[in-house]
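Q: using only what follows, build the 3D model:
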Amino acid sequence: MHYNHTKFISKNQGNEILRDYTKSGKVRPWQEKKMGNVTYAELLEILKIKKAENVRHCGHVLEFKATDEGYLKLYKTWFCKSKLCPVCNWRRAMKNSYQTQLVVNEVIKEKPSARWLFMTLSNRNSVDGESLDTSLRELTQGFNRLMKYKKVEKNLVGFMRTTEVTVNKKNGSYNQHMHVLLCVESKFFRGADNYIPQKDWLQMWRKALKVNYEPVLNIKAIKPNSKGDKAIEAAIKETAKYSVKASDYLTNDQEKNLEVVADLEQGLYKKRMVSYGGLLKIKHKELNLDDAEDGDLVQTGDEKISADEEKANSI
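A: Alright, predicted model coming up:
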């Protein structure tokens, strides 16, 4: 059975077919995401992966109810929460971005003089599902070691990190990498005993990974501009984006799509793609935020804030 559309129901207006708009008037891309979801489910069926039917029913019927402000808000639906589902990844990216912004705001209130860094790091590309599984484990273990090194730990306030996997279009290999939003004490930038230059970060990263090759690590300071903390907001969006892009496995080449989905399903199985540490983890708990990865995807945050979801729509 094929679902080529998503059904919208208004709790106040009966079974009327309606469009779901953002606060700025743009139509939310339910239809587009659902079409991707159906194609993904079909690939799972061909691969004989058991969750195919559950994935197919993800976000099929959406129930909305009117708010006091006069607009419709998603009230109820069912999400499969698969790491590759285009519908769930879209909602997850919105939720990650919204939650991280709340957490960062609370950290800034408590430590206004703290500084922020944005780091991207990776290890050698993987070639199949088995090596991706191993590489992702090594990536996480290496990151945990890096955060515990004395020179890092002495000025570390906290972090939020996400893992992303992309497909190399030239050779079909998988690049697994982390985006990390780091908060450090202001003294990090004062004196050789505190400051860590790029070359030292890279040396420590190689040591933490326990490899004999030159891995990738890029790090930069985030500097607020005169109009506000747009640099931090941009880093949050980059950190919170999709762990896997649907365009990497929903192409015109079905044979390749099947290979990529099989590898990603194996490599991402039981992997933690989002994590908080230090004061950011404490603030996430104090705010009583649920798990953005496996938690409720109906409520992604304040529905009055549409910038996060419009960013997610374009990813």
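Q: residue contacts, Phe118?
A: Neighbouring residues of Phe118 by CB atoms under 8 Å, 6 or more residues apart in numbering: His179, Val180, Leu181, Leu182, Ile219, Lys220, Ile222, Ala235, Glu238, Thr239. Yep, even glycine has a C-beta here, placed from its N, CA and C like the rest.
Q: what does Gly129 give?
A: Ala262, Asp263, Leu264, Glu265, Gln266, Gly267.
Q: how near is it to Asn54?
A: Gly129 sits 21 Å away from Asn54, going by CB to CB, to the nearest Å.
Q: do the same with Lys95
A: Counting by CB to CB - Lys95 and Asn54 are separated by 20 Å.
Q: again, but for Glu45
A: From Glu45 over to Asn54 (counting by CB to CB), the distance is 11 Å.
Q: ok, those two, which is more surrounded?
A: Per other CB atoms under 10 Å, whichever of Glu45 and Asn54 has more neighbours is Asn54, with 16 against 13.
Q: leaving out chain neighbours, which residue sits closest to Phe188?
A: Asn155 (4.3 Å; CB to CB, 6 or more residues apart in numbering).
Q: surely that neighbour and Val184 touch.
A: Yes: Asn155 is within contact range of Val184, at 4.8 Å (criterion: CB atoms under 8 Å).
Q: in the chain, what secondary structure element scores lowest on mean pLDDT?
A: Of all helical and strand segments in the chain, the minimum by mean pLDDT, DSSP states H and E falls on helix 307-313, at a mean of 44.
Q: thinking again about what came up before, could you tell me which of the contacts of Phe118 count as buried?
A: Among those, those classed as buried by 16 or more other CB atoms under 10 Å are His179, Val180, Leu181, Leu182, Ile219, Ile222, Ala235, Glu238, Thr239.
Q: leaving out sequence neighbours, find the closest residue to Ala221.
A: Leu117 (5.7 Å).
Q: bridged to that neighbour, which residues?
A: Leu182, Ala221 (DSSP bridges).
Q: please renumber so the chain begins at 17
A: Sounds good: first residue 17 from here, last item Leu133.
Q: that one contacts Phe205, correct?
A: No: here Leu133 does not reach Phe205: they are 10.0 Å apart, not a contact under CB under 8 Å.
Q: shared neighbours of these two, which are they?
A: Ala237.
Q: neighbour count winner among the two?
A: Just comparing Leu133 and Phe205: by other CB under 10 Å the higher neighbour count belongs to Leu133, 19 against 12.
Q: next, the contact list for that one, please.
A: Contacts of Leu133 (CB under 8 Å, 6+ apart): Leu197, Leu198, Cys199, Val200, Ile235, Lys236, Ala237, Ile238.
Q: what do you get if the cut-off is 7 Å, keeping everything else the same?
A: Leu198, Val200, Ile235, Lys236, Ala237, Ile238 (CB atoms under 7 Å, 6 or more residues apart in numbering).
Q: got the contact list for the first one?
A: What that stands for is Leu198. Leu198 makes contact with Trp132, Leu133, Met135, Phe175, according to CB under 7 Å, 6+ apart.
Q: which one of those residues sits in the busiest neighbourhood?
A: Result: Phe175 is most packed of the contacts of Leu198 (other CB under 10 Å), 23 neighbours.
Q: how near is that residue to Leu59?
A: In terms of CB to CB, Phe175 sits 34 Å off from Leu59.
Q: please apply the same query to Cys199.
A: Distance, Cys199 to Leu59, by CB to CB: 40 Å.
Q: try Asn228
A: Distance from Asn228 to Leu59, by CB to CB: 37 Å.
Q: count the residues that sit near Ile248.
A: A count of nearby residues for Ile248, using other CB under 10 Å, gives 21.
Q: actually Asp307, not the one I typed
A: 11.
Q: secondary structure class for it?
A: Under DSSP: H, G, I helix; E, B strand; the rest coil, the three-state class of Asp307 is coil.
Q: which non-adjacent residue is nearest Ser151?
A: Ser142 (4.6 Å).
Q: which residues does that neighbour bridge with?
A: Here Ser142 sits in beta bridges with Tyr190, going by DSSP bridges.
Q: so what's it scoring on pLDDT?
A: pLDDT for Ser142: 97.
Q: now the nearest residue to Val143 once chain neighbours are set aside: phi and psi?
A: Ranked by CB to CB, 6+ apart and with sequence neighbours excluded, the top spatial neighbour of Val143 is Ser189, at 5.4 Å. Torsion angles at Ser189 (phi, psi; degrees, to the nearest 10) stand at phi -80, psi 170.
Q: what about Ser189, neighbour count?
A: 16.
Q: ok, it - contacts?
A: So, once contact is read as CB under 7 Å, 6+ apart, Ser189 ends up touching Asn141, Ser142, Val143.
Q: got JSON lines for those, with distance to Leu152 and neighbour count too?
A: Output for the contacts of Ser189, formatted as JSON lines (distance: CB to CB, whole Å; neighbours: other CB atoms under 10 Å):
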{"residue": "Asn141", "distance to Leu152": "12", "neighbour count": "18"}
{"residue": "Ser142", "distance to Leu152": "8", "neighbour count": "21"}
{"residue": "Val143", "distance to Leu152": "13", "neighbour count": "15"}
